[in-house]
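Chemist: Take this sequence and fold it.
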Amino acid sequence: MFDIVRCGAEPSEYGFKELYRYENAKGSIAWVPGPRDAVKFRNKMKLIMLEDYSFDEGALKLIAEKKKACFLIDMGRLVKTKGIHRSILISKLRTFLGLCAKHSALYTFATFSETEMQIRTPWEMENIAMLLGLDRGQAKLSLKLLPHYV
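Modeler: Residues are numbered from 1 along each chain as shown. Okay, here's the model as predicted:
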């Protein structure tokens with residue numbers, strides 16, 4: 001299991017094989033407003049981080065066809081968000097991940113922890129992914145994809 005963090009930490013203490021530093025990984029990450037803007041990265045080995053997980057099945061299908069780009073879901077943002085905004089984000093993520101599963105689009109998760117206290121264990125990350133509608137197998141597979149892109 002792997003994660004991207006903003007702090008220095010020993011991976012074995014938290015049950016990870018490796019923790020990638022954000023400073024080293026940010027060259028592999030493309031930030032885009034939505035799925036429609038992510039289409040331009042479909043032929044590249046990039047991690048795509050969306051600002052908004054809006055419903056755009058056509059764009060998602062185009063990205064999934066190439067099997068190169070991988071969506072990066074920021075669990076840290078999900079955990080830090082409060083109230084109705086968290087509910088909306090969870091709803092959008094559940095729909096988005098359902099579409100990813102339907103079209104076999106690649107996706108992975110990272111916490112971007114700023115302190116060691118914010119680091120989630122692989123077990124916690126799996127369970128958060130399961131709350132978003134994935135089964136345990138999908139959650140484990142998604143957490144193993146990170147090294148192929150960083």
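Chemist: Helix, strand, or coil at the residue nearest the centre of the chain?
Modeler: Taking CA atoms, centre = their mean, the centroid of the chain lies closest to residue 73, which sits 2.3 Å from it. Assigned by DSSP: H, G, I helix; E, B strand; the rest coil, the conformation of residue 73 is strand.
Chemist: Now do it against residue 114, distance only.
Modeler: Relative to residue 114, residue 73 is positioned 17 Å away (criterion: CB to CB, to the nearest Å). Glycine gets a C-beta too; all of them are placed from N, C-alpha and C.
Chemist: so who does the nearest residue to the residue nearest to the centre of the chain once chain neighbours are set aside touch?
Modeler: In space, and not counting its chain neighbours, residue 73 is closest to residue 109: 4.9 Å by CB to CB, 6 or more residues apart in numbering. By CB atoms under 8 Å, 6 or more residues apart in numbering, the contact list for residue 109 reads 3, 72-73, 75, 125, 128-129, 142-143.
Chemist: ok, the residue nearest to the centre of the chain to residue 22 distance?
Modeler: Taken as CB to CB, the span from residue 73 to residue 22 is 15 Å.
Chemist: Cheers, nothing more for now.
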